[in-house]
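Visitor: next comes the sequence, and after it the predicted model I'd like to discuss.
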Amino acid sequence: SSGINAEYGDENQAEETYSLNTVKSLNGAVDQLVNFFGMQPCERSDRVPDDKTAHTLLLAGQYKDGVECLIKTRIVFDGVVNMKICARSADPALNELLVSSI
């Protein structure tokens, strides 16, 4: 997956920031994001250490027409879950769709 990350630079990514008011923990946010996107967690990033207040979730998968895609989500919990989501692929429209779908 690091190959895709290098192949699709900053010009092939989209970003958004969200607050998730219905989620009460980092683990809850990770579980919901993995299920929502239906993509594979990378580098065991679906496992959140118990003592953490911030976590990075990495997801990789393919969308229609076999377009490879990466999602990187930085999640912070300080009573509320806040996250910054970044999608990278060869398709700018797909990137925008993924980050705006939350």
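Guide: Looks like it arrived, so ask away. All values derive from a computational prediction rather than experimental measurement.

Visitor: tell me what the longest helix seen in the chain is packed against?
Guide: Assignment by DSSP state H gives helix 26-37 as the longest helix of the chain. With contacts taken as 3 or more CB pairs under 8 Å, 6 or more residues apart in numbering; DSSP states H and E, helix 26-37 sits against strand 54-63, strand 67-77, strand 81-89. To be clear about C-beta, it is placed using only N, CA and C from the backbone, and glycine gets the same treatment.

Visitor: of all those strands, which one is nearest residue 102?
Guide: strand 81-89 (6.8 Å; CB to CB).

Visitor: paired strands for the closest one, with orientation please.
Guide: strand 13-20 (antiparallel), strand 67-77 (antiparallel) (DSSP bridges).

Visitor: pLDDT score assigned to residue 77?
Guide: As predicted, residue 77 sits at a pLDDT of 94.

Visitor: so how far is residue 48 from it?
Guide: As judged by CB to CB, to the nearest Å, residue 77 and residue 48 stand 9 Å apart.

Visitor: hmm, back to that, residue 96: which of the helices and strands packed on helix 26-37 is closest?
Guide: Closest among the helices and strands packed on helix 26-37, using CB to CB: strand 81-89, at 8.0 Å.

Visitor: let me see the mean pLDDT of that closest one.
Guide: Computed over strand 81-89, the average pLDDT equals 95.

Visitor: run a quick neighbour tally on the closest residue to residue 42 other than its chain neighbours.
Guide: In space, and not counting its chain neighbours, residue 42 is closest to residue 58: 4.1 Å by CB to CB, 6 or more residues apart in numbering. Residue 58 has 19 neighbours, counted by other CB atoms under 10 Å.
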